[in-house]
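A.B. asks: Next input, structure requested:
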Amino acid sequence: SLLQERMDLLAGSTPHLIRSDKQVPVRQALEGRQVLAFYFSAHWCPPCRQFTPSLAQAYSQSRQPGQGGGVEVIFVSSDRSQADMMDYMRNTHADWLAIPFGSPAVQALSSHFGVRGIPALVVVGRDGAVIRQEGRQEVMAQGAAAFAQWESLAPVEVDTSIVELLRENTEEVKRDAGDILVKLLSNIVAAPNNMKYRQIKLANKTIEEKLLPASGAFEILFSVGFEEAEDKLILPVSVNVKTVEKFLDALKNIDSKPEVVEAVNTQPAAAATATASESSALIQPGVLTREREFLARLVSCSNHMDAYEDKAAQAKAISVMPVEQLNTKARAKFEAAKREDPAISEDLLRDILLLEMKEWFKTDFFSWVDSPACPSCSSPTQSSGLCVPSVQEQQDGAGRVEGYRCSMCGVEGVRFPRYHSRPEKLLETRKGRCGEWANCFVLCCRALGFDTRHVVDWTDHVWAEVWSKAEGRWLHVDPGETVDKPLVYEAGWGKKLTYVMAFSKEEVQDVTWRYSKDHQDTKQRRILVRPRWLVKNILELTKKRQLRYPEEEKSGLMKRRLAECLELLTARSVGEGDRIGRQTGSMAWRVARGEMGTSNTEFVFSPTKDEEDEGMMEVEYDCAADKYFRGGRVEVVPGFMSGVFSSANVGRKVESDWNMVYVARGEGNCDKGEVTWKFKMREGLVVKKVKLLVGSCCYESGVVTWQLCSDRSCLLPAAGQQLETEQLSGSSEIQLSARLGGGEGESAWQHTQLFRCPRDGAAGLPQLKISIWMGKSEN
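C.D. replies: Down below sits the predicted model:
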């Protein structure tokens, strides 16, 4: 018998239910169902009419076993007449059950579940416990997948052998605790509606002296369904008395062989494998419910990794990425790194390509959305609540749709679909919040062949990790923020992390400790689930993902996993976290970010034959275009670093939020920076006159010093002011240098900037433009 209490409630109020205009006895109608979803609704209610088609579609798509077929919807009508109710069902509803119009069960169920408004969808498990009080939100967010999730959460059977924990006590302690537990549960079975017996005062002397010291005693009470309420434990009336009877029987027969019996918990393995070493302190009230929800999220996140392996989705990602350009830039930076250290591994090229792709993704491809702009007047919009996803939005992977309205022009119904299950859709929209950023970025990484993880922070953030073969470790990559700075969330953002789980196509891993600046402090916050339960389920999910892998590949993955576990055991200091990416794997990071300690690219500008004939050479750097030009805007050198003679701790930066670009010191590196350009005449030619215009800006106490030097003299150009001079006349070469220093605090590196301008064009702002007139040497 299933859902005994609910069936009794229904059968006592109405002898039958309705399906397709036909009457069906209650017990026959519910036979074989694992979960009931009571749908409180009415045709006269506009939100109900809006939601019902979505519920009907999700119901129809979930009728197969394992896909939600064990969930039955029962319509509880608030219509004003039987005719209205039947029209509503024929025109909009799916082929689900309904309580007859005017049945006393309608009011009884509304009161029982505390329904205060419609539409409402209350989902109930076979144990009589509420699985979801707000099932409507999950249908709007997940569609048919919500039914599958509810079915997976339906209690099947529980191993009441958790009472075996009492055996770990001395015989006297076991006997005393067992007698107390039997008495407590017997009172509830004898008088299930008497709230006096459903309460256990923790200050009671007998409880303190006999029950608290007994290992396993409180685990049993929490497994039965007791919850903590200030100074007492309370067993909610929603807990099925049959469950209490099962635990009572197990306690009475503790000295006989335990057997598996039907009850309500959905995590029997976790309970059965608990040991006396796991004290009652580890089993917090409601832990079994939390573990059930935690596991559902783990499974959902793990299953989502399959979306990134779709070949069509990966091909679509490749088609929107400038792969050839990214490879060219990565190769140029790798060659620069190799000149610094010829012994570096070819594997480093992949790390540099990752950084190039991440920078392109952040600055040129994806954008942040707090609220969508009004399609009519482009003003910011205000949230108006959730909308029901359209069929097309659901097909495109929208779990839910946020609604917005414009307060300026009054436009209603501005929609913002939150695409998730099909990340390739984000290649079209190219916008979202952290969830969309990470979702799309992981797809792009997998399309490029990177071994990638989707990392979920239980305190509401998402990012990626990518395996570096060059370094033999996982790299933290936040596509909208930083690279390889795992402590940024706690040290920089002030987050208090609890669980950080990483999912890949072959495993699930708890990586919390990589992102924790204080392991002991983090442990104190990890109270949602039992540690051993978490390890067990993570390993089981990993085993499932590797089920068809060859033994050799499994062995390699296990070795990598063990090495990672050893790494996670070592806590990082905040200082180390800030420096990661500049010391470990330093060549890749510093080359790609312009953070080389000293970079001698030794590029030299010399006049072309045409310029020699004209007697004038002109070189210009455009920071917005990130290109060097010769006279007449003829492009000659792409990329800021490619045109410098030498540099130290400088690079081009992009502020996507402010839509600005500039050259500055390395991010987070407040040491001095310097960059030099060199201009050399050909043999027989010398400088006659120079005209120069450079741009730079300083904030706080930042200082930029410009120098224009030859072998004969040095000048100090002023930013934003054109310098025209013949003081360098007769020189065969000149050098232009900028030195950056000063600034305040951790952002000092940002307080000196060269060539700052909008990303879409310099708009007349001074960049770097030098004109050199030359003539024949008199010697």
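A.B. asks: Quickly list what the most centrally placed residue in the chain is bridged to.
C.D. replies: What sits nearest the mean C-alpha location of the chain, by CA atoms, centre = their mean, is residue 462, with 1.7 Å. In this entry, residue 462 is beta-bridged to residue 456, by DSSP bridges.
A.B. asks: Now do residue 117 against residue 47, distance only.
C.D. replies: Going from residue 117 to residue 47 by CB to CB, to the nearest Å gives 9 Å. No exception for glycine: its C-beta is placed from N, CA and C like everyone else's.
A.B. asks: More neighbours: which of those two?
C.D. replies: residue 47 (14 against 8; other CB atoms under 10 Å).
A.B. asks: Which helix or strand contains that one?
C.D. replies: Using DSSP states H and E, the secondary-structure element containing residue 47 is helix 46-60.
A.B. asks: Go through that helix and flag the buried ones.
C.D. replies: 48-49, 51-52, 54-59 (16 or more other CB atoms under 10 Å).
A.B. asks: and what of stretch 769-779?
C.D. replies: Those would be 769-774, for stretch 769-779 by 16+ other CB under 10 Å.
A.B. asks: contacts for it?
C.D. replies: Identification of contacts with stretch 769-779 by CB atoms under 8 Å, 6 or more residues apart in numbering yields 607, 612, 615-621, 677, 679, 681, 684-694, 730, 732, 734, 736.
A.B. asks: List the ones among these that fall in helices.
C.D. replies: residue 612 (DSSP state H).
A.B. asks: quick one on the thing from earlier: isn't the residue nearest to the centre of the chain right next to residue 442, touching?
C.D. replies: No - look at residue 462 against residue 442 with CB atoms under 8 Å: they stay out of range, at 9.2 Å.
A.B. asks: Between the two, which contacts overlap?
C.D. replies: Here residue 462 and residue 442 have residue 454 as joint contacts, going by CB under 8 Å, 6+ apart.
A.B. asks: Next, count neighbours for residue 32.
C.D. replies: A count of nearby residues for residue 32, using other CB under 10 Å, gives 10.
A.B. asks: swap in residue 352?
C.D. replies: 26.
A.B. asks: do residue 533 as well
C.D. replies: Using other CB under 10 Å, residue 533 has 22 other residues around it.
A.B. asks: For it, give its distance to residue 313.
C.D. replies: From residue 533 to residue 313 the distance is 34 Å (CB to CB).
A.B. asks: which residues in the stretch 101-250 of the chain form strands?
C.D. replies: Taking DSSP state E, counting those that start in this stretch to define them, one finds strands in the stretch 101-250 of the chain at 120-125, 130-132, 199-201, 227-229, 232-234.
A.B. asks: can you list the weak-confidence ranges in the stretch 551-700 of the chain?
C.D. replies: 573-601, 635, 656-657, 668-669 (pLDDT under 70).
A.B. asks: lowest-pLDDT helix or strand in the chain?
C.D. replies: Sorting the helices and strands of the chain by mean pLDDT, DSSP states H and E puts helix 268-272 at the bottom, at a mean of 29.
A.B. asks: what's the next secondary structure element after it?
C.D. replies: By DSSP H and E, the next helix or strand past helix 268-272 is helix 287-304.
A.B. asks: what's the following helix or strand after whichever strand or helix holds residue 475?
C.D. replies: Per DSSP H and E, residue 475 falls inside strand 473-477. On the C-terminal side of strand 473-477, the nearest following helix or strand under DSSP H and E is strand 500-503.
A.B. asks: Off-centre distance for the helix or strand that that following strand is followed by?
C.D. replies: Helices and strands here follow DSSP H and E; after strand 500-503, the next one along the chain is strand 508-510. With CA atoms, centre = their mean, to the nearest Å as the basis, strand 508-510 stands 14 Å off its chain's centre.
A.B. asks: Each with direction, which strands does strand 508-510 pair with?
C.D. replies: Taking DSSP bridges as the criterion, strand 508-510 forms sheet pairs with strand 500-503 (antiparallel).
A.B. asks: Check the model's average confidence along the strand it pairs with for me.
C.D. replies: Mean per-residue pLDDT for strand 500-503: 97.
A.B. asks: Residues contacting it, please?
C.D. replies: Outside strand 500-503, the residues touching it (CB under 8 Å, 6+ apart) are 298, 301-302, 304-305, 453-458, 465, 474, 508-512, 514-515, 538.
A.B. asks: Which among those count as buried?
C.D. replies: Members of the contacts of strand 500-503 classed as buried by 16+ other CB under 10 Å are 298, 301-302, 304-305, 453-457, 465, 474, 508-512, 514-515, 538.
A.B. asks: quick one on the thing from earlier: take the strands of the stretch 101-250 of the chain and lay them out in CSV including distance to residue 180 and mean pLDDT.
C.D. replies: Listed next are these as CSV, based on distance: least, CB to CB, whole Å; pLDDT from 0 to 100:
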stretch, distance to residue 180, mean pLDDT
strand 120-125, 29, 89
strand 130-132, 29, 85
strand 199-201, 9, 87
strand 227-229, 18, 71
strand 232-234, 13, 81
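A.B. asks: Tabulate those in TSV, adding columns for distance to residue 480 and mean neighbour count.
C.D. replies: Formatted as TSV, the strands of the stretch 101-250 of the chain follow (distance: least, CB to CB, whole Å; neighbours: other CB atoms under 10 Å):
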stretch	distance to residue 480	mean neighbour count
strand 120-125	35	24
strand 130-132	32	20
strand 199-201	49	14
strand 227-229	40	14
strand 232-234	45	18
